[in-house]
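> predicted model and sequence follow; I will ask about them next.
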Amino acid sequence: MDLIDATWRKSTRSGSGGGNCVEVADNLPGVVGVRDSKDPDGPALVFGPVAWRAFVTEVPRRS
């Protein structure tokens, strides 16, 4: 899958200290990309919108 036109954004919960950060690209038609912000040229996961919504719904939110 070509993610060249992806617009990546870092989670607002990632903070500014580096560490374990996830970036999401949800501007592509029919897919949502997910990558490790520390390795932007590395592999990315690609989810369909329904699978992504199911994942986000099930992930517990930290307070």
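Now that the structure is in, tell me what you want to look at.

> could you pull out the helices for this protein?
Remark: helices assigned in the chain by DSSP state H are 49-58.

> so where's the protein shaky on pLDDT?
13, 15-19, 62-63 (pLDDT under 70).

> most centrally placed residue in this structure?
Val24 (2.4 Å; C-alpha atoms, centre = their mean).

> quick one, what contacts the closest residue to that residue other than its chain neighbours?
What sits nearest to Val24 in space, not counting adjacent residues and going by C-beta to C-beta, 6 or more residues apart in numbering, is Val34, at 5.6 Å. For every residue, glycine as well, the C-beta is placed using N, CA and C. Val34 makes contacts with 22-25, 44-47, as judged by C-beta atoms under 8 Å, 6 or more residues apart in numbering.

> filter those residues down to the buried ones and express that as a ChimeraX selection.
Here is the ChimeraX selection string for the buried members of the contacts of Val34, based on 16 or more other C-beta atoms under 10 Å:
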select :23,24,25,44,46,47
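
> just put the contacts of Val34 in CSV and tack on distance to Thr57.
Shown next, in CSV, are the contacts of Val34 (distance: C-beta to C-beta, whole Å):
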residue, distance to Thr57
Val22, 16
Glu23, 20
Val24, 15
Ala25, 19
Ala44, 21
Leu45, 17
Val46, 18
Phe47, 13
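
> take the contacts of Val34 and keep only those in strands.
In this view, those that belong to strands under DSSP state E are 22-25, 44-47.

> closest to Arg53 among these?
Phe47 (9.0 Å; C-beta to C-beta).

> help me confirm that the closest one comes into contact with Val31.
Yes. Assessed by C-beta atoms under 8 Å, Phe47 is found in contact with Val31 at 6.8 Å.

> hmm, Ser37 is touching Arg9, no?
No. Ser37 lies out of contact with Arg9 (C-beta under 8 Å); the separation is 9.9 Å.
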